[in-house]
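1. generate coordinates for the sequence data below:
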Amino acid sequence: MTMELTFRGKDIYGTSKTKKEMIGQLQYHIDWIQELPDDAEILNSDDDYIFFYAEPKDKDDRKYLKRLGFHRKELE
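-> Okay, here's the model as predicted:
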């Protein structure tokens, strides 16, 4: 069961109003990216969206991915 996360590029700075807040938002995203599994597939749509796909190996992986914001990919 593949899990998916969609990330919108324009939201990367949140509601930042200062340079310090913008840097803080970027640091948050750097930390988050470093937590992604090494085998996660990343698809950049070149249209403001980035899609992340990961295949959980067991129940613990599924919980970990959910904590990162992933959800079960809808069947097409």
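2. state the mean pLDDT of the longest helix anywhere in the chain.
-> Criterion DSSP state H: the longest helix present in the chain is helix 19-35. Across helix 19-35, pLDDT averages out at 91.
3. helices or strands up against that helix?
-> If contacts are counted by 3 or more CB pairs under 8 Å, 6 or more residues apart in numbering; DSSP states H and E, helix 19-35 sits against no helix or strand. Every C-beta, even on glycine, is put in place using the N, C-alpha and C of the backbone.
4. which residues sit against it?
-> 12, 13, 14, 15, 16, 68 (CB atoms under 8 Å, 6 or more residues apart in numbering).
5. that one: which residues count as buried?
-> By neighbour count on 16 or more other CB atoms under 10 Å, the buried set for helix 19-35 is residue 25.
6. now do stretch 4-17
-> Buried, per 16+ other CB under 10 Å, within stretch 4-17: 4, 5, 7.
7. distance to residue 53 for those - can I get that in CSV?
-> Below are the buried residues of stretch 4-17 laid out as CSV (distance: CB to CB, whole Å):
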residue, distance to residue 53
4, 6
5, 8
7, 12
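8. just these: which are in strands?
-> Within the buried residues of stretch 4-17, residues falling in strands by DSSP state E are 4, 5, 7.
9. may I have the longest helix of the chain as PDB, with CA atoms only?
-> Output of helix 19-35 as PDB, limited to C-alpha atoms (Å, rounded to 0.1, in the frame of the first residue of the first chain):
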ATOM      1  CA  LYS A  19      13.500  37.300   7.400                       C
ATOM      2  CA  LYS A  20      14.000  35.500  10.700                       C
ATOM      3  CA  GLU A  21      10.500  33.800  10.400                       C
ATOM      4  CA  MET A  22      11.300  32.800   6.800                       C
ATOM      5  CA  ILE A  23      14.600  31.200   7.800                       C
ATOM      6  CA  GLY A  24      12.800  29.400  10.600                       C
ATOM      7  CA  GLN A  25      10.200  28.000   8.200                       C
ATOM      8  CA  LEU A  26      13.000  26.800   5.800                       C
ATOM      9  CA  GLN A  27      14.800  25.100   8.700                       C
ATOM     10  CA  TYR A  28      11.600  23.300   9.700                       C
ATOM     11  CA  HIS A  29      11.400  22.000   6.100                       C
ATOM     12  CA  ILE A  30      15.000  21.000   6.000                       C
ATOM     13  CA  ASP A  31      14.500  19.000   9.200                       C
ATOM     14  CA  TRP A  32      11.300  17.400   7.800                       C
ATOM     15  CA  ILE A  33      13.000  16.400   4.600                       C
ATOM     16  CA  GLN A  34      15.800  14.800   6.500                       C
ATOM     17  CA  GLU A  35      13.300  12.600   8.200                       C
END
